[in-house]
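Enquirer: I would like the atomic coordinates for the input below:
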Amino acid sequence: MNSNSNRLISRRQFVATTAMASSFLLVPRHLVAGSGEKPPSEKLNIAGIGIGGMGANNLLNLESENIVALCDVDINYAAKTIAKYPKAKVWTDYREMLEQQKDIDAVMIATPDHTHAVISMAAIRAGKHVYCQKPLCHDIYEARMLAKAASEAKVATQMGIQGHSGEGLRLICEWIWAGAIGEVREVDAWCSLSYYPWGHAYWSSKWGGDGGRPKDFQPLPDKLNWDLWLGPAPERPYHPAYHPGVWRCWWDFGNGMMGDRGAHSFDPIVTALKLGAPTSIEATSCGMTREIHPLSAIITFRFPARGNLPPVKLTWYEGTRPPRPPEAEEGSELGENGGGVIFKGDKGQIACGVYGGSPRLFPESKMREYKRPPKMLPRIKGTHEMDWVNACKTGTQPGAHFGYSAPLTEICLLGNIATRVDSRIEWDAANMKVTNLPEANQYVRAEYRKGWTL
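Expert: Predicted structure coming up:
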């Protein structure tokens, strides 16, 4: 991970950075305005795109700012959120909103995964700051292009992995970097939850019996723009098997449990172990069809050595969980909310929750005896969303900016590619290419539906 990949810095660097930031905050408003940035005392004008689900929660954390626009392809599904912000202008098409509403400074995007990239790119090109829910995009080409565009546009970007702004991730880094568990060569991560019965054989038999798409006709709900909901994805008739809420288990729309929970769980691993791209990924799964993510899968990533850091084997379990380490006392909690991470060092182990929270050394006796190192990393005050808001106003970048979160998302996407081909793939990151299975490269960059471009 290069120096731009994260905002976790040393205490000395932090003091210097804070001093510079403090002097910047005192710059008169008219001078700041000339640079296109806003003084912290002035509120951002924010537009929410995709506001019927997680986007409603993101907006709650942005209410200190001006919510000036709301955009959703399903006005009925978004009705509660629309009613909450009566002063905001309501749109169905984000393209029309970005073109016509000129007072927008920044956008929050919480649409289904397959439209993250096209909307984020449109916002970046319009000069808007962007907060996009995880996972950042739907294929690897999109990840590369978004990171490049954000860097060139110099807008503040943030992916919605709230654990990146939390205390737990910082403790994990400080403990591992201080040698608490020695050299780490292996990590287990998991989410034991499943998408059953969404898209499982139960649904497939109900809707066609061949593991494919539903075949029965369903009337289009009132005030749902289905063409815009599909966006760049392959065309098909509306069905409640896709919307609302159940799109994540379909390959054409979602990134499955890997993109849902993996994006969170891999965050502290990538940061603490300074991981770049894996060189190989191997997957085995159960219950997968050509249209639907598996019920369960085990995916193994191999990362090369980085400087003086050793190679790392990362194993991801979804719909199941890894064997319980013998060192963990019976009844002790490992992880939380159906998932977690275990860092395996040659001198001990650290377990934490899905979002990097509640890290613990185990066995418990080791935790009780452990003398924690000084806190060397800066802490985020407030929410993950407000970390982004502050960056928008000060011309900086928050922790999970696209330069960091695009490579993180790419790891998840590689896991899904290995799952789809049900095999081991070898990855040439520099050339963005699977080298041993040419047929796997069809998933590196998806073909967009006619009329859609990135």
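Enquirer: make it CA atoms for all contacts and neighbour counts henceforth
Expert: Fine.
Enquirer: now the strands: where do they sit in the stretch 301-450 of the chain?
Expert: Along the stretch 301-450 of the chain, the stretches classed as strands by DSSP state E, counting those that start in this stretch are 312-318, 339-345, 348-352, 360-362, 424-428, 433-434.
Enquirer: List the pairing partners of the last one within its sheet, with orientation.
Expert: According to DSSP bridges, strand 433-434 has the following sheet partners: strand 424-428 (antiparallel).
Enquirer: Give me the residues contacting the partner strand.
Expert: For strand 424-428, the surrounding residues in contact (Cα atoms under 8 Å, 6 or more residues apart in numbering) are 278-283, 418, 433-437, 440.
Enquirer: let's go with 10 Å and repeat that
Expert: Strand 424-428 has contacts (Cα atoms under 10 Å, 6 or more residues apart in numbering) with 277-284, 299-302, 414-415, 417-419, 433-438, 440.
Enquirer: to the chain's geometric centre, what's the distance from it?
Expert: Per Cα atoms, centre = their mean, to the nearest Å, the displacement of strand 424-428 from the mean C-alpha position of its chain is 22 Å.
Enquirer: Enumerate the positions of that strand that are buried.
Expert: Under the neighbour-count criterion of 16 or more other Cα atoms under 10 Å, strand 424-428 has 424-427 buried.
Enquirer: Any chance of those residues in JSON lines with pLDDT as columns?
Expert: Formatted as JSON lines, the entries for the buried residues of strand 424-428 read as follows, by pLDDT from 0 to 100:
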{"residue": "424", "pLDDT": "97"}
{"residue": "425", "pLDDT": "98"}
{"residue": "426", "pLDDT": "98"}
{"residue": "427", "pLDDT": "98"}
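Enquirer: re the thing from before, just send the strands of the stretch 301-450 of the chain back as a markdown table, with distance to residue 184 too.
Expert: A markdown table is the format used below for the strands of the stretch 301-450 of the chain (distance: least, Cα to Cα, whole Å):
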| stretch | distance to residue 184 |
| --- | --- |
| strand 312-318 | 7 |
| strand 339-345 | 4 |
| strand 348-352 | 9 |
| strand 360-362 | 14 |
| strand 424-428 | 22 |
| strand 433-434 | 27 |
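Enquirer: pretty sure residue 148 is touching residue 407, no?
Expert: No. Under the criterion of Cα atoms under 10 Å, residue 148 is not in contact with residue 407, lying 11.5 Å apart.
Enquirer: Mind splitting this protein into its structural domains?
Expert: Residue ranges for the domains of the chain, per automatic domain parsing: 11-162+383-399, 167-195+255-381+411-418.
Enquirer: Show the contacting residues for residue 430.
Expert: Under the criterion of Cα under 10 Å, 6+ apart, the neighbours of residue 430 are residue 277.
Enquirer: Kindly recompute the last result at 8 Å.
Expert: Under the criterion of Cα under 8 Å, 6+ apart, the contact list for residue 430 is empty.
Enquirer: for residue 146, same thing?
Expert: If a contact means Cα under 8 Å, 6+ apart, then residue 146 has 117, 120-121, 402, 406 as its contacts.
Enquirer: okay if I get the residues you listed as TSV plus neighbour count, distance to residue 396 and pLDDT?
Expert: Rendered in TSV, the data for the contacts of residue 146 read as follows (neighbours: other Cα atoms under 10 Å; distance: Cα to Cα, whole Å; pLDDT from 0 to 100):
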residue	neighbour count	distance to residue 396	pLDDT
117	25	22	98
120	26	19	98
121	21	19	98
402	29	13	98
406	24	18	98
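Enquirer: Lowest average pLDDT across the domains of the chain?
Expert: Set side by side, those show their lowest mean pLDDT on domain 11-162+383-399, which sits at a mean of 86.
Enquirer: Now do that domain: distance to the chain's middle.
Expert: Between the mean C-alpha position of domain 11-162+383-399 and that of its chain there is a distance of 15 Å (Cα atoms, centre = their mean).
Enquirer: how about residue 68, secondary structure?
Expert: strand (DSSP: H, G, I helix; E, B strand; the rest coil).
Enquirer: Tell me the spatial nearest neighbour of it, not counting adjacent residues.
Expert: Counting by Cα to Cα, 6 or more residues apart in numbering, the nearest residue to residue 68 once its immediate chain neighbours are dropped is residue 88, at 4.3 Å.
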